[in-house]
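Colleague: the following comprises the amino acid sequence and a computationally predicted model.
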Amino acid sequence: MPKHYRPPGKKKEGNAAKYITRSQAVKHLQVSLPLFRRLCILKGVFPREPKKKVKGNHHTYYHTKDIAFLQHEPLLEKFRNIRAYDKKVNKAKAKKNRDLAERLLTRRPNYTLDRLIRERYPKFTDALRDLDDCLTMVHLFASLPALESEKIQVKRIHNCRRLSHEWQAYICRTHKLRKTFISVKGIYYQAEVEGQKITWLTPHTLQQVLTDDVDFNVMLTFLEFYETLLAFVNFRLYHSINVKYPPILDSRLEALAADLYGLSRYFAANSSATVLGSQAVSSSGAEQIDITKDGTQPDESELRLAQLQHQLPSNEPGTLMHLVEDASCEDEDDEETRECKTLFKNKKFFLSREVPRESLLFVIPAFGGVVSWEGEGAPFKEADQSITYQIVDRPTQGHIFLSREYVQPQWVFDCVNARIILPTDAYMVGRVPPPHLSPFIDNEAEGYVPEYAEMIKRLQAAARKEVLPIPGAGKEDLDDPQNLLVEGIISRTEANEVAERKQKMLALENQYHNELQLELQGVQYSSSVSNMNKQSSVEDTEAWEESLPDMQQIAEDTTTMSKVVMSRKKRRLYEAMQIGKERKRAHVNLLKERKQKIEAAQGSEKS
Amino acid sequence: MAKRETPRLDSLNKKKKEKEKKEESSKHQQEENVDDKQLHQGFSGDEEELTESESDGPVLSEDEDYVSADGDDSLHNDPSEENEGGSSESHQGIEESDSSEDEVAPRNTIGDVPLEWYKDEEHVGYDIAGKKIKKKVRQDKLDSFLASADDSKNWRKIYDEYNDEEVELTKRETRLIRRLLKGKAPHAEFDPYAPYVDWFKWDDAKHPLSNAPEPKRRFIPSKWESKKVVEYVRAIRKGLIKFDKPKEEPRVYHLWGDDSSSTEKAGHGLAYIPAPKSKLPGHEESYNPSLEYIPTQEEINSYQLMYEEDRPKFIPRRFLSLRSVPAYENAVKESFDRCLDLYLCPRARKKRINIDPESLKPKLPSRKDLKPYPVTCYLEYKGHKGAVMSIATEASGQWIASGSIDGSVRVWEVETGRCRRVWEIGEAVHYVAWNPLPGLHILAVSSGQDVLLLNTGLGNDEEQKNIEQLLRIETPGSMDDTGNTTSIVSWVQDDKHGGIRLKHFKTVSSVEWHRKGDYLSTVMPAGESRAILIHQLSKKLTQRIPFKLHGLPVSSIFHPTRSIFFISTKKNVRVYDLLKQKLVKKLETGLREVSSIAVHPAGDNVIVGSREGKLCWFDMDLSSQPYRILKCHPKDITNVAFHHSYPLFATCSDDCTAYVFHGMVYSDLNQNPLIVPLEILRGHSSTNGRGVMDCKFHPRQPWLFTAGADSVIKLYCH
């Protein structure tokens, strides 16, 4: 009898009963493969790795319970209905009965995914935890062109845009953005919502490259789920800050592609009316002042908004209200939010045309700044004297206002990551900015700290030690903290350098001591041997000399000997760990080597 | 005529059947008009109602008509005729007929009877109301001629005998007549040569399939259709059917409204395994990374030589300003890959170990506490010209013997390294073994097919005498008594070296003494059933072991205290009780090829070295499986050895190293043996791929002798 023989009538047991292959599952459910995929995507069913693969290594295995779960899904029946209905339509079309086909199409059965979302994410935090992919996908599709050949409809793209803007508006509004990073792939953002760190990637706002080797059906199924999920998440988030969802936007701003700004205005209008639940931004207050300055046009839209909301905010009292609320709401936020909120406080930014507007419109208000841009619908014009920074990304700047500083966009992102206002010298117009570093990397753990990271660290330390204790003096004095900072930095850097030198000396000393100790040990046992064996002094010295270069050998021996006694499993694990460590070390060494080469090249150029 | 009457008659039939009976003519007409009536009905239910209501009026007037018909005539005639005209007009617009009678209503109602019948009467017939139509007064011919001559239109006038009236033809009628006279179609607009239109649907058929007349139902509106229409109309009126339903927007609501009820477990009892989050970007992915993150051109070129899997997925690039950053070409592709990972990748929960690798190392007692053990090379014994294959220590520890591949056996003094004596055997020496008895300085040497028992010449005179007596074979005749064994081994006096030569029939690989010094066993790996022999020195006897051998024997060894005999084959070690003559135990090593074996002096533990560099420690009380397998050497283990008194054992290998272990065996049976690696002894150099050939411990001191393939013997001391 073969080993795995199962007599007829006896049930399968173990892994053979628990797992079935994909083709078995498809057959069992009586669906087509594309439909099965779709169901799996929507229900979040994934293949599992059985301990023992009964059917072989090249199959994917699903748990039978997962498949039973799919089988009882009402959506499956719905899909079948839709399929039958589509057959009707096709039949009508084939018979050239266009009226019937159109009439049928208007009454196509539809399905909703809200139940699935509730099922997959029983708690809101679960949904937030899984939001990374959702946001990345929605943001990607928001920047894709509509493709009829790939069934990417304009409507969906617009929906994606709307959802992404709503999300950004919420994050911006509640100052939950923590880290940003401009990469070659796009711009990464990290926000912290309800204790969950959510990271997403937005592509650069350019025409995206479409490749052929992508199955858009799969992506669109994912997108379908993600759109619904994000809508519900947005609803919940808006609900939590007492703002009505879906927001009604000023169509004029929408037409100008300033959705985000429109949303922020919407928030402002909403919160000014609801006294209780608004975590007001200083920006909204400032905005409203500007509105009064600017004249009629924005007022109209404001009014419109108010009418839409059946609320009539009066501007000047509203600002006062905000200020009051600002003070009251402050203690609700945690430390970090407060820090984020005040980073760009009392600073006005102006964006030039060539600057990626959407991302900066998102980032700057999220850290408490006030932004305007060049173009219609902007809250204030370039000529405004109170602008403190103008973000410029061009080789030369024609007209220069002396009252403001001209910086490259990277400065904003670096400031946000460092949580301090960095000196602007390196980011001036036409200069090559200093390297942009990832905020997601723990440099110490990685083993290599880039030069600029060290500098930023020094600046941070300086800011913390010297600038922060002052605020008792009043924030008005700090409108130009740059000078203070720079002074602080200079002194701090000196101190830091001294400290570092000391540390290095200490490290060297330690090393020396260690070596000495090791040597001493060597002496001990060589001497002990000599004592015991009554060796001649000549041999003793020989042994002593031999033992010196053998230090490394001895260390190696100890590791090999301890490896000998380890069980096989542990030994393999240990070796794998060593390999990983070695790889890391090699990477760091490579970086250091390159760095040295570059420095050498620069040195030779200078001389 | 029929047409004009239709509605009236309909209502009449329904309402007043008595009056109908009175009228004879109407009965005929009713039957004729069934078709018309049904046609009329078929338009729609609504229309039917409409016509019904409309026809109410004339019905009433008709009643009056009949009432008046009994009395005088002319007074009531006019209104009825007007009514009739109105109703007929309303119908004429709807229905049309081809019959020529309809065009001009004849006044006379006599039908097709010869007019001669009325020749003598005052009247020519009856009008529709049944009154007599009086004949006109005849004009005389002259008058009529004159009238005709005066009247220019006379030529148009025709006398209608039937109705007794003069009819004036219109221009159109004259034209018609003219055309008829010419033999043309009466209407000018009729085109006799119009292009032929084939109304028949051929549907790929050559001939009309059926020449059956068109069925009636083709001309009748469907009853069910009309019912359906009524149904729809009613539904629309009631508001059951709505048009232009507004498109429903996807509804968003507070999904996670009550988190209290959401504590129930998600789904179906299977653990949800969340997908791992995608990796966060590092410095190198920045649009403007530090310079050191950007690979040089050579490095990028070298990526091409790598395997595709090893190639880095992302090559860092540097852009000098944000405006010059292009769209990422793989954005969609990467997103798609992520999607694939999410729904296609099998997920399993893997425990990620985040520990210090040093913590994996077992906690061993400090080596300092386990002293003394051999650490450094103290002495070298040089003199052999070939690889030293084997060494043996004398029981007192004053001497060692060594056999080399150059065919010499040497005896050395341990303390000084002086070579005491040399025998030139002539053949490569594989094994030397010193008799374990302190007073019996006999050396067993295996070289080729022979085993030599040599007198080393050590010890005092008394001992020498004893030895010489032992090593003398009395009479060659006595050999015959040994019987069948003579064919295996012959005991021959060797005068050249002063000893006994045991001639075997195959190469002898190892020789081992029994602890009492009287017996010795030899192993011939190629000897098959007679591979292992036991010789008795005092009786000069040789005997086979009474056990069947399984596999190729590698070595044999006597138990240090009891009469137990270990035979190791390539795979297993078998333990035999020599007294009871039976198998005690079979130790399964699980190794590929056993090379050497050593027994702990207490006798319960055995170590086995293998050619794959593994060492097995067997605790015989515990099980027949190894208690511990140590992978210590990368190359073959050539030999293993236990120390007689110290808890030490050593292995030596072809990788030119010897390991010294602490191997403590406790008398408490519950406590497992403690094995601690102590030292790696180096010093030998590799020759012909061989390293250290043999290792032996000093019998008293914690010293280790190693014999190398580089023809040197080394002494390691503590």
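Modeller: Happy to help now that I have it.
Colleague: looking at it, residue B:612 is touching residue B:592, isn't it?
Modeller: Yes. Contact status for residue B:612 versus residue B:592: in contact at 5.1 Å, counting by Cβ atoms under 8 Å. No exception for glycine: its C-beta is placed from N, CA and C like everyone else's.
Colleague: quick check: closest non-adjacent residue to residue A:232.
Modeller: Nearest non-adjacent residue to residue A:232, counting by Cβ to Cβ, 6 or more residues apart in numbering or on different chains: residue B:255, 4.6 Å away.
Colleague: give the contact list for that neighbour.
Modeller: Residue B:255 sits next to A:114, A:117-118, A:232, A:235-236 when contact means Cβ atoms under 8 Å, 6 or more residues apart in numbering or on different chains.
Colleague: now with 10 Å?
Modeller: With contact taken as Cβ atoms under 10 Å, 6 or more residues apart in numbering or on different chains, residue B:255 is in contact with A:114-115, A:117-118, A:121, A:124, A:127, A:228-229, A:231-233, A:235-236, B:262.
Colleague: likewise residue A:111?
Modeller: Neighbour list for residue A:111: A:42, A:74-75, A:77-79, A:81-82 [criterion: Cβ under 10 Å, 6+ apart].
Colleague: cool, residue B:636 as well?
Modeller: By Cβ under 10 Å, 6+ apart, residue B:636 lies in contact with B:593, B:595-596, B:609-613, B:652-655, B:689-691.
Colleague: how close does it sit to chain A?
Modeller: 16 Å (Cβ to the nearest Cβ, to the nearest Å).
Colleague: quick one, what contacts residue B:673?
Modeller: B:600, B:604-605, B:617, B:619, B:622, B:627-628, B:647, B:663-666.
Colleague: the same query, at a cut-off of 8 Å, please.
Modeller: So residue B:673 contacts B:605, B:617, B:619, B:627-628, B:663-666 (Cβ under 8 Å, 6+ apart).
Colleague: for the helix or strand containing residue B:466, buried residues please.
Modeller: For residue B:466, the host element (DSSP states H and E) is helix B:461-470. For helix B:461-470, the neighbour count (16 or more other Cβ atoms under 10 Å in any protein chain shown) marks B:464, B:467, B:470 as buried.
Colleague: so what sits opposite the nearest residue to the second one once chain neighbours are set aside in the bridge?
Modeller: Yep, that's residue B:467 we're talking about. With Cβ to Cβ, 6+ apart as the criterion, residue B:467 has its nearest non-adjacent residue at 5.2 Å, and that residue is residue B:455. Assessed by DSSP bridges, residue B:455 has beta-bridge partners residue B:442.
Colleague: ok, residue B:455 touching residue B:500?
Modeller: No. If you go by Cβ under 8 Å, residue B:455 and residue B:500 don't touch, sitting 9.4 Å apart.
Colleague: what touches both of these two?
Modeller: In contact with both residue B:455 and residue B:500: residue B:471, using Cβ under 8 Å, 6+ apart.
Colleague: ok, these two, which is more surrounded?
Modeller: Neighbours were counted for residue B:455 and for residue B:500 using other Cβ atoms under 10 Å in any protein chain shown; residue B:500 has more, 23 against 19.
Colleague: next, that one: secondary structure please.
Modeller: The local conformation at residue B:500, judged by DSSP: H, G, I helix; E, B strand; the rest coil, is strand.
Colleague: related to what we said a few turns ago, looking at residue B:612 and residue B:592, which one has more neighbours?
Modeller: Using other Cβ under 10 Å, the more surrounded residue of residue B:612 and residue B:592 is residue B:612, with 15 against 11.
Colleague: can you report phi and psi for that one?
Modeller: Backbone geometry at residue B:612, expressed as degrees, to the nearest 10, gives phi -90, psi 10.
Colleague: contacting residues around it?
Modeller: By Cβ under 8 Å, 6+ apart, the contact list for residue B:612 reads B:591-593, B:636.
Colleague: now, which of these sits nearest residue A:161?
Modeller: residue B:592 (67.6 Å; Cβ to Cβ).
Colleague: helices along chain B, start to end?
Modeller: B:2-15, B:17-22, B:25-32, B:34-41, B:45-70, B:74-92, B:141-150, B:171-182, B:223-238, B:297-305, B:331-344, B:461-470 (DSSP state H).
Colleague: from the contacts of residue B:255, pick the one nearest residue B:389.
Modeller: residue A:121 (74.8 Å).
Colleague: which residues of the stretch 351-500 of chain B fall in strands?
Modeller: B:376-382, B:388-393, B:399-404, B:408-413, B:419-424, B:429-434, B:442-447, B:450-455, B:490-494, B:499-503 (DSSP state E, counting those that start in this stretch).
Colleague: nearest to residue A:442, out of those strands?
Modeller: Among these, the nearest to residue A:442 by Cβ to Cβ is strand B:376-382 (46.0 Å).
Colleague: next, the angle from that closest one to strand B:399-404.
Modeller: Following axes from the mean of the first three to the mean of the last three Cα atoms, to 10 degrees, one obtains 60 degrees for the angle between strand B:376-382 and strand B:399-404.
Colleague: what strands line up against strand B:376-382, and which way round?
Modeller: Counting by DSSP bridges, strand B:376-382 is paired with strand B:712-717 (antiparallel).
Colleague: give me the contacts around the strand it pairs with.
Modeller: Here strand B:712-717 has contacts from A:529, A:532-533, B:374-382, B:384, B:388, B:391, B:400, B:402, B:412, B:414, B:658, B:660, B:681, B:683-684, B:698, B:701-708, using Cβ under 8 Å, 6+ apart.
Colleague: please name the nearest non-neighbouring residue to the spatially most central residue of chain A.
Modeller: The geometric centre of chain A, computed from its C-alpha atoms, lies nearest to residue A:199 (Cα atoms, centre = their mean), at 2.6 Å. Nearest residue to residue A:199 in three dimensions, chain neighbours excluded: residue A:190, at 4.5 Å (Cβ to Cβ, 6+ apart).
Colleague: is it true that that neighbour touches residue A:440?
Modeller: Yes. Contact criterion Cβ under 8 Å: residue A:190 and residue A:440 qualify, at 7.3 Å.
Colleague: what sits in contact with each of those two?
Modeller: With Cβ under 8 Å, 6+ apart, residue A:190 and residue A:440 have common neighbours A:179, A:199.
Colleague: what residues are up against residue A:220?
Modeller: A:151-152, A:156 are the contacts of residue A:220 under Cβ under 8 Å, 6+ apart.
Colleague: which members of these are classed as buried?
Modeller: Using 16+ other Cβ under 10 Å as the burial test, these include A:152, A:156 as buried.
Colleague: out of the contacts of residue A:220, which comes closest to chain B?
Modeller: In terms of Cβ to the nearest Cβ, no member of the contacts of residue A:220 lies closer to chain B than residue A:152, at 10.8 Å.
Colleague: residues contacting that closest one?
Modeller: Shown in contact with residue A:152 (Cβ under 8 Å, 6+ apart): A:141, A:144-146, A:216, A:220.
Colleague: of the residues you listed, which is the most crowded?
Modeller: residue A:141 (27 neighbours).
Colleague: distance of it relative to residue A:68?
Modeller: 33 Å (Cβ to Cβ, to the nearest Å).
Colleague: same check, this time on residue B:496
Modeller: Shown here: residue B:496 relative to residue A:68, a distance of 90 Å by Cβ to Cβ.
Colleague: so where's chain B uncertain?
Modeller: B:1-105, B:208, B:247-250, B:258-268, B:474-487 (pLDDT under 70).
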